[in-house]
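# Quick one, fold the following:
(one chain, ligands or ions: 1)
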Amino acid sequence: MARHAVVIGAGVIGCAVANELIKTGLAVTVVDALPAAGYGSTSASSAIVRFSYSTRAGVAMSYEGLHWWRNWADVLAPARPDQLAEFIQYPMIMWKLPNAQYERVLPHFDALGIAYDDLTAAELTDRYPYLATDSFGPPVPLDDARFFADPSGTLEGGFVMPESGYISDPMLAAQNLHEAAVANGASFLFNTRVVGISRSGHRVTGVELADGGAIDADIVVNVAGPHASKINELAGVVDDMNVQTRALHREVYIVPQGDLDLEANGVMIGDEDVGVYFRPERGGNLLVGSAEPECDELLWIDDPDAYEPSLDEDEFQRQVLRAARRLDGLPVPRAKRGVAAMYDASDDWLPIYDRSSLDGFYLACGSSGNQFKNAPIAGYCMAALIDAVESGRDHDGDPLQVTAPFTGFGIDMGTFSRLRNPAATSMNVFG
Ligand SMILES: Cc1cc2nc3c(=O)[nH]c(=O)nc-3n(C[C@H](O)[C@H](O)[C@H](O)COP(=O)(O)OP(=O)(O)OC[C@H]3O[C@@H](n4cnc5c(N)ncnc54)[C@H](O)[C@@H]3O)c2cc1C
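Alright, predicted model coming up:
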């Protein structure tokens, strides 16, 4: 009989892990407390697909991920869902700012051959006339007099990544993967909460359920999103982890574009100068989220089970007014519209894709607001890692290198180890 894996969580990453694990010959059961796939933090995702990460493995994984989205129908075969999540291409800009993200990103782009244009502010204005190239930063709180101050000058320029974009419907993407996993033989139990991890000595033996039931398993994978740290506590693996994860409240707003020409000639920006990211959203809208500038307080959630999502008026004003500095003419509506949700943020904003100190218990967590795009390839890497470790590989001592199927890039899974030194990698939501 095939060995049995239980995946905790049917978000986009959990479904991807399940769909790839089953291809390695395991029997797979996915357990989720919610009623359907992608109902957790996945449903709130801005779903931006970009490649600007601070680590080589992060860049390689995200560029590989692009190819999975571009070939989505093939990725899902033999399933043929009626509706498919779509990749919608828009260029993404990183500003040239002192000590900004691009300094760590571009060497990886150059090494891997990822395309970008190096443009002056004037060249950016030619391409995107609605985009102010003024220098406003560093970001300050809304009640700081400098919030509305005149710009201090003009930005030097920016780097445009032409191949980036976003996924039209993140929950549908998870549901597509759910359908694919079922077509490949995986089982899903919804409305089913895991409340315990069972073990025998140093090895996991299954999960305990809130309804009093239990499922035996040779392998358990924690993909519980913002609840992942609670599951890790249940498994007793936290003390062995150099990197911890915590739930963080986040908000994303949808505002009308007004007369801006974003539908046809739009861009996406991770704007470290004003402190927001934004992208066009279908229906003549703009999606605005926080780039988590240092001046903004982060709202950590101690108990994700007690979390009540709601939009905050001050936060809405702050983020939309910041976006309006960059997009001259952006209407700032009176009524706020958007979503509130939790990220599962790690200490250094990099995910943990790893084994744990409990044999057979694996971690795909800490996705830190930036791993939607990587979900399909993360599922592939997790399946490869689990296969290797279960076959005797000392992944902690000799980290697995995964060869990405579309690009052929090498992905160093040691980058995502729970044992890494977070001080060496720490950045922000951009990873
Ligand atoms: C506001 C926001 C914006 C984002 N924007 C982007 C972006 O632009 N680009 C990008 O790449 N990424 C982005 N992300 C991040 C991305 O969406 C997440 O990394 C990804 O969706 C996480 O998927 P997941 O499957 O790990 O977790 P989730 O979707 O949270 O799924 C976890 C599942 O585990 C289940 N669960 C939890 N505890 C239990 C339990 N005890 N028993 C059973 N089931 C349990 C939950 O019910 C849930 O369904 C964003 C995230 C948010 C919140």
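
# so does the strand ranked longest in the chain get close to the ligand?
Longest strand of the chain, by residue count under DSSP state E: strand 245-256. Yes. Using Cβ under 6 Å from any ligand atom, we find that strand 245-256 touches the ligand at 250, 252. Where you see a C-beta, it was placed from the backbone N, CA and C, and this is true even at glycine.

# need the helices for the chain, in chain order.
12-21, 56-70, 72-76, 102-112, 121-127, 170-183, 228-235, 262-265, 313-326, 375-390, 422-425 (DSSP state H).

# Among those, show me which one is buried the most.
helix 12-21 (a mean of 31; mean count of other Cβ atoms under 10 Å).

# Against the ligand - does that helix have any residue that ends up touching it?
Yes. Under the criterion of Cβ under 6 Å from any ligand atom, the ligand is reached by helix 12-21 at 12, 13, 14.

# Stretch 232-243 now?
No. Judged by Cβ under 6 Å from any ligand atom, stretch 232-243 stays clear of the ligand, getting no closer than 8.2 Å.

# Return the residues of the stretch 301-431 of the chain in contact with the ligand.
Counting by Cβ under 6 Å from any ligand atom, the stretch 301-431 of the chain sits next to the ligand at 341, 343, 367, 369, 370, 371, 372, 373.

# hang on, the earlier thing: output the residues of helix 12-21 next to the ligand as JSON lines; include the columns pLDDT.
Converted to JSON lines, the residues of helix 12-21 next to the ligand look like this (pLDDT from 0 to 100):
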{"residue": "12", "pLDDT": "98"}
{"residue": "13", "pLDDT": "98"}
{"residue": "14", "pLDDT": "98"}
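
# now those residues as a markdown table including distance to residue 124?
Converted to a markdown table, the residues of helix 12-21 next to the ligand look like this (distance: Cβ to Cβ, whole Å):
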| residue | distance to residue 124 |
| --- | --- |
| 12 | 33 |
| 13 | 34 |
| 14 | 39 |
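
# Is residue 254 in contact with residue 285, as I believe?
Yes. Using Cβ atoms under 8 Å, residue 254 is in contact with residue 285, at 5.0 Å.

# residue in the stretch 51-200 of the chain nearest to the ligand?
residue 194 (3.7 Å; Cβ to the nearest ligand atom).

# need the contact list for the residue nearest to that residue when sequence neighbours are not counted.
Spatial nearest neighbour of residue 194, chain neighbours left out: residue 207 (4.7 Å); criterion: Cβ to Cβ, 6 or more residues apart in numbering. Residues near residue 207 by Cβ atoms under 8 Å, 6 or more residues apart in numbering: 6, 8, 31, 194, 196, 197, 198, 214, 215, 217, 220.

# What residues are bridge-paired with residue 207?
Beta-bridge partners for residue 207, by DSSP bridges, are residue 197, residue 215.

# Give me the distance between it and residue 220.
6 Å (Cβ to Cβ, to the nearest Å).

# now do residue 57
24 Å.

# Can you tell me the closest non-neighbouring residue to the spatially most central residue of the chain?
Computing the C-alpha centroid of the chain and ranking residues by Cα atoms, centre = their mean puts residue 371 first, at 2.1 Å. With Cβ to Cβ, 6+ apart as the criterion, residue 371 has its nearest non-adjacent residue at 5.1 Å, and that residue is residue 351.
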